[in-house]
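Engineer: The following block contains a protein sequence and its predicted model.
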Amino acid sequence: MQSPVQSTQLPSLTLSLGRTAVISAATELRLDQAAQVSSEFKVLRTQEKAQLQGLNDRFASFIEKVHELEQQNKLLETELLLLRQRQTEPSNLQGLYEHEIRQLRAAVEEARHEKEAAQNHRDEMKDMLKNFQKRHEKEVLGREEAESRFVDVRKGADRAALCQVELEKRVETLLDELAFLKNLCESEVAELQVQIQFSAEMSVDMEVSKPDLSTALRDIRAQYEKLAQCNLQSAEEWFCNKMSVMTVGSTRNTKGARCKDEAEEYRRLLKARTLEIDACREMNQALEKQLQEVEENQSAEISALQDAIEDLEEELRASKNDMARYLKDYQDLLNVKMALDIEIAAYRKLLEGEENRLNLYGSLPEASFCHSGLKENLALPLQDSNGGIGKIHEWQAKDL
């Protein structure tokens with residue numbers, strides 16, 4: 001039979017052995033989880049280190065650029081000081097500069113005068129061009145009128161051709177009718193001749209009394225006198241008409257000569273004006289060609305400048321976009337770093353609290369309670385990389 005002391009020692013011994021076994025199992029579990037967490041934490045740390053290394057490199061490049069700009073600024077300041085010292089020192093360069101300035105001012109004045117002369121010449125050319133354009137418009141209107149008249153004449157010619165064709169057809173029909181009537185007349189004449197011959201044969205035997213020769217001669221003389229009188233009157237009338245015609249013709253000849261001279265003068269003036277018009281047209285073409293060349297050069301320069309401006313604007317937009325992207329990436333990395341620092345601090349505090357609890361409490365229920373409390377306390381509100389409030393994942397708490 002066991003004593004009460006031994007009976008009380010056995011449960012305490014078994015309880016202590018159970019506690020040690022549970023503690024050793026819990027420590028092994030925590031060590032495995034800690035190893036897994038440490039491996040994942042190493043991966044995160046390597047990624048964070050790479051990101052920080054990239055940011056550090058970029059920051060170093062920015063610092064180098066700043067140093068270079070500071071050095072350039074110092075060089076410019078030294079050059080400015082040297083220039084100021086040279087300006088304060090007495091020198092003979094002022095006279096040379098003044099002489100050069102006077103020459104440049106004279107050249108500018110001469111260029112201004114040349115520019116004014118060129119502008120005046122351009123204005124004169126513009127006025128001439130306007131006059132030529134007006135004359136050209138008048139010529140175009142005259143040409144259009146002539147073309148319209150030509151169209152009307154062509155229409156009249158077409159109508160005349162149609163009338164000619166119709167008249168030719170009518171002539172053919174009339175010729176056919178004339179031939180028919182001629183044949184008819186010939187047949188009628190032949191019939192009449194036959195009738196006349198028949199009547200002549202019938203009247204051969206009839207005798208006719210002889211006429212008086214004296215009366216016949218008197219009648220013939222009277223007829224010849226009348227004929228001579230008529231011929232004399234007709235000759236006088238013809239002479240008078242001829243004289244009037246000759247006088248009218250002489251006046252017409254004088255007028256025709258004068259008109260011929262005027263026409264020759266007008267022809268000469270027209271030839272001179274046509275030569276002037278040709279010269280003005282050539283000058284107009286040359287001026288239009290020069291104006292077109294100037295416009296093409298200006299348009300080419302303007303297009304080149306616009307292309308350069310567009311390229312610069314595109315580069316500026318690209319630079320702004322790159323800078324905004326870099327700033328956003330930098331801000332995101334800073335947020336990630338802050339979140340990681342907060343998580344690391346939270347893990348450190350949780351681990352320190354867990355160690356303190358394990359050191360203070362050695363019993364199994366208390367250890368299990370602390371382990372369960374660890375899982376509950378791991379769900380702390382933290383700042384995530386996007387700036388929102390989140391919780392630590394359960395698998396991270398289990399790994400701890």
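Structural biologist: Received the coordinates, thanks. Numbers count the residues shown, from 1 in each chain.
Engineer: can you give me the helices for the stretch 301-400 of the chain?
Structural biologist: In the stretch 301-400 of the chain, the helices defined using DSSP state H, counting those that start in this stretch lie at 364-377, 394-399.
Engineer: what about the first one, average pLDDT?
Structural biologist: Model confidence over helix 364-377, given as mean pLDDT, is 42.
Engineer: Kindly report the same for the shortest one.
Structural biologist: Per-residue pLDDT values over helix 394-399 give a mean of 38.
Engineer: same thing with stretch 322-330?
Structural biologist: Averaged across stretch 322-330, pLDDT comes to 83.
Engineer: now do stretch 340-347
Structural biologist: 84.
Engineer: Give me the residue ranges of the stretch 51-200 of the chain where confidence is low.
Structural biologist: 86-95, 97, 185, 188-189, 192-193, 195-200 (pLDDT under 70).
Engineer: could you redo the last one with a cut-off of 50?
Structural biologist: Along the stretch 51-200 of the chain, segments meeting pLDDT under 50 span 90.
Engineer: Quick one: the helices in it, in order.
Structural biologist: Going by DSSP H, counting those that start in this stretch, the stretch 51-200 of the chain shows helices at 93-202.
Engineer: List the residues that contact the residue nearest to M283 when sequence neighbours are not counted.
Structural biologist: With CB to CB, 6 or more residues apart in numbering as the criterion, M283 has its nearest non-adjacent residue at 7.4 Å, and that residue is M128. (Each C-beta comes from the backbone N, C-alpha and C, glycine too.) Residues near M128 by CB atoms under 8 Å, 6 or more residues apart in numbering: C280, M283, N284.
Engineer: Tell me how many other residues crowd the closest residue to the first one other than its chain neighbours.
Structural biologist: So the one you mean is C280. In space, and not counting its chain neighbours, C280 is closest to F132: 5.4 Å by CB to CB, 6+ apart. Using other CB atoms under 10 Å, F132 has 17 other residues around it.
Engineer: ok, F132 touching Q285?
Structural biologist: No: using CB atoms under 8 Å, F132 is not in contact with Q285, being 10.0 Å away.
Engineer: Buried ones only from the contacts of M128, please, as a ChimeraX command.
Structural biologist: Here is the ChimeraX command that selects only those of these that count as buried (16 or more other CB atoms under 10 Å):
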select :280,284
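Engineer: Now, the contacts of M128 that are in helices?
Structural biologist: Among the contacts of M128, the residues falling in helices (DSSP state H) are C280, M283, N284.
Engineer: Could you provide these in CSV, with additional columns for distance to L184 and pLDDT?
Structural biologist: Below are those laid out as CSV (distance: CB to CB, whole Å; pLDDT from 0 to 100):
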residue, distance to L184, pLDDT
C280, 74, 73
M283, 78, 78
N284, 75, 75
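Engineer: can you put the residues you listed in JSON lines and add distance to R84?
Structural biologist: Below are these laid out as JSON lines (distance: CB to CB, whole Å):
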{"residue": "C280", "distance to R84": "63"}
{"residue": "M283", "distance to R84": "59"}
{"residue": "N284", "distance to R84": "60"}
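Engineer: Which one of these is nearest to E48?
Structural biologist: Nearest to E48 among the ones in helices among the contacts of M128: N284, at 79.1 Å, using CB to CB.
Engineer: Let me see the contact set for S303.
Structural biologist: Contacts of S303 (CB under 8 Å, 6+ apart): none.
Engineer: And it, how close does it get to A318?
Structural biologist: Distance, S303 to A318, by CB to CB, to the nearest Å: 22 Å.
Engineer: what's the answer for K169, then?
Structural biologist: Using CB to CB, we find K169 at a distance of 88 Å from A318.
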